[in-house]
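Peer 1: Below are the sequence and a predicted model; questions follow.
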Amino acid sequence: MAVVLRSSSDLIYLPDHGYDGVQGALKILPQITPRHHRLDVAHNLLGDEGIATLARGLAAVRAGFSRLSASPGAGVWSMRELSLGSTGCGDAGLASVLAYARKDAGLVKVLVQANAIEMADNAEAIAVALDASHIHEFSLNNNALSPTAVPLFFGALHAPALRSLHMSACAINSSSAGAIAAFLCSPRARALDTLELNGNQLGLAGVRAIVDAVELGNFSLVRLGLLANDEIPAIDSDDAPDPDADLGAAADLASRRAAEQRAIADEVGYRLPPLLERNAGLTARVRRAALRALPAARILLAARAPGNAEQAVRAIRAVEAAAAASHPPAAHFRLLDLPREIQWLVARHAAADPYALSEAQWARLRGHAEDRDTLARAVRAARERRVRAGSVDEWKLSEREARDEWLRRGGWDKWEAERRDG
């Protein structure tokens, strides 16, 4: 079948094309060209073997395209997005995809929703593979995960690049809530800003434990989905009591379910939103402080001290100017003669929000500003981006991406909780 391109020429759109198994994967691979960086093959029953073949083929394609790249600044070819929803992917297929992702640093989005993934025997291995990848967005929605897998997965998950994790309708019950809450309260969750857990069976206790974790120990999440997490089951019509049965038990179950739904709605609808707004505000605050502090820090902390000859010339000129002037010259405040610690304080307060940055974040920014080589590299990179940009809009986008990457790389993109003086 012909390749259908949607929204951009870098996408191969092949859902529901009848590409099944290994042979289906072998039909998909030849359609990928160097301009393609997104692949959607949802609703093709590739199965684990077909997905393993596709992953091995992508590795070969990547190696071939990278060697053939004619543009000196083009870099290594990457498949940036993979959509494998409803492809019959199981645990082995997911392991194959993540094995490829570990080698392709450009792969940032992987969707494997509505498959047969359980992570029954490899939950920790999946987490470790995800940790080693550069995936930013990962969707496991609509997979019936093993009840024992979820605590192991979150216990091993670190994923410093992962920003968005989708695990809605994954049969996650209340026994996993503790592991999820512990993950959210740990530094391992620092990069994550979106977690979707809708349509599970966490129950009121599980939902409350996760919201507690956000309130007390997580300052990075700005989106958290916890809707439709009833633990008390509804009464099916097939299970309805017959006229001779005890109707009191059914009424009690319905009452408890309604009470649980109301309590969960209060947690999700009233308690959670202010916490997420708090996190969004703190994130914006620390990013703004880092961007404002950097210019002043560079000027103050990377300034070159004048040599003896320069100081002598300045002194002579000052004496000559004073002798020639009818009025004494105004005295200049010698900022660079201040003790180094005072210069640090001046630079920090230039951010207009000096304590938005933690002590560790400020120490990192200070070291970055004092290193003159970082400025030279930043100038070169900015010139290269300007040359590569095909339009003003592309240039502006590349500048925003470079800024965001600088913030992430330096750890100035998220609020770090610690005692602050201000």
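Peer 2: Sure thing, it's come through. Residues are numbered from 1 along each chain as shown.

Peer 1: which non-adjacent residue is nearest P295?
Peer 2: Counting by CB to CB, 6 or more residues apart in numbering, P295 lies nearest to A350, which is 7.7 Å off, once chain neighbours are set aside. C-beta coordinates here come from the backbone N, C-alpha and C atoms, glycine included.

Peer 1: Please name the residues that touch A169.
Peer 2: N141, N142, N198, G199, N200 (CB atoms under 8 Å, 6 or more residues apart in numbering).

Peer 1: okay but the second one is in contact with H166, surely?
Peer 2: No. The pair formed by N142 and H166 falls short of the contact definition of CB atoms under 8 Å, at 9.5 Å.

Peer 1: if we can go back for a sec, distance check, the residue nearest to P295 against L407.
Peer 2: According to CB to CB, to the nearest Å, A350 stands 17 Å off from L407.

Peer 1: again, but for S168
Peer 2: For S168, the distance to L407 (CB to CB) stands at 29 Å.

Peer 1: Likewise for G155?
Peer 2: G155 is 29 Å from L407, by CB to CB.

Peer 1: Show me what counts as buried in the helix or strand where V214 lies.
Peer 2: Per DSSP states H and E, V214 falls inside helix 203-217. Residues of helix 203-217 classed as buried by neighbour count (16 or more other CB atoms under 10 Å): G203, L204, G206, V207, R208, A209, I210, V211, D212, A213, V214.

Peer 1: pretty sure the first one contacts S174?
Peer 2: Yes. Applying CB under 8 Å, one finds G203 in contact with S174, separated by 4.4 Å.

Peer 1: shared neighbours of the two, which are they?
Peer 2: Both G203 and S174 are in contact with E231, where contact means CB under 8 Å, 6+ apart.

Peer 1: pLDDT value on the residue nearest to P295, please?
Peer 2: A350 carries a pLDDT value of 86.

Peer 1: need the contact list for it.
Peer 2: R292, A293, P295, A296, A297.

Peer 1: ok, it to R292 distance?
Peer 2: In terms of CB to CB, A350 sits 7 Å off from R292.

Peer 1: Do a quick rundown of the strands in the protein.
Peer 2: Using DSSP state E, the strands found in the chain span residues 11-13, 38-40, 81-83, 109-111, 137-139, 164-166, 194-196, 223-225.

Peer 1: what lines up beside the third one in the sheet?
Peer 2: The pairing partners recorded for strand 81-83 under DSSP bridges are strand 38-40 (parallel), strand 109-111 (parallel).

Peer 1: model confidence over it, on average?
Peer 2: Rounded mean pLDDT across strand 81-83 is 97.

Peer 1: I figured I32 was touching L14, is that so?
Peer 2: No. With contact defined as CB under 8 Å, I32 does not count as touching L14 (10.4 Å).

Peer 1: Compare these two and say which one has the larger neighbour count.
Peer 2: A side-by-side neighbour count of I32 and L14, using other CB atoms under 10 Å, places L14 first with 23 against 19.

Peer 1: nearest residue to that one other than its sequence neighbours?
Peer 2: Excluding its sequence neighbours, the residue lying closest to L14 (CB to CB, 6+ apart) is V41, at 5.0 Å.

Peer 1: Could you measure from the one you found over to G88?
Peer 2: V41 is 11 Å from G88, by CB to CB.

Peer 1: Report how many residues lie close to the closest residue to L336 other than its chain neighbours.
Peer 2: Distances taken as CB to CB, 6+ apart put A303 closest to L336, at 5.6 Å, once the chain neighbours are dropped. By other CB under 10 Å, 13 other residues sit near A303.

Peer 1: Tell me who's in contact with the most centrally placed residue in the chain.
Peer 2: Compute the mean C-alpha point of the chain, and by CA atoms, centre = their mean the closest residue is R163, 1.9 Å away. For R163, the contact set (CB under 8 Å, 6+ apart) comprises H136, E137, A191, L192, D193, T194.

Peer 1: With P15 instead?
Peer 2: Counting by CB under 8 Å, 6+ apart, P15 has contacts D40, V41, A42, H43, N44.

Peer 1: Report the contact partners of the third one.
Peer 2: If I follow you right, that is A42. The contact partners of A42, by CB under 8 Å, 6+ apart, come to P15, D16, S83, L84, G85, S86, T87, L111.

Peer 1: out of those, who has the most neighbours?
Peer 2: That'd be T87 among the contacts of A42, by other CB under 10 Å, with 29 neighbours.

Peer 1: hang on, V150 packs against G178?
Peer 2: No. Between V150 and G178 there is no contact under CB under 8 Å: 10.5 Å.

Peer 1: Of those two, which one has the most company?
Peer 2: V150 (23 against 16).

Peer 1: I'd like to know how far the nearest residue to L152 once chain neighbours are set aside sits from A129.
Peer 2: In this structure, L152 finds its nearest non-sequential neighbour in A123, 4.1 Å apart by CB to CB, 6+ apart. Computed as CB to CB, the A123 to A129 distance reads 11 Å.

Peer 1: before we move on, what about C185?
Peer 2: For C185, the distance to A129 - CB to CB - is 24 Å.

Peer 1: ok, now V211?
Peer 2: Relative to A129, and taking CB to CB, V211 is found at 30 Å.
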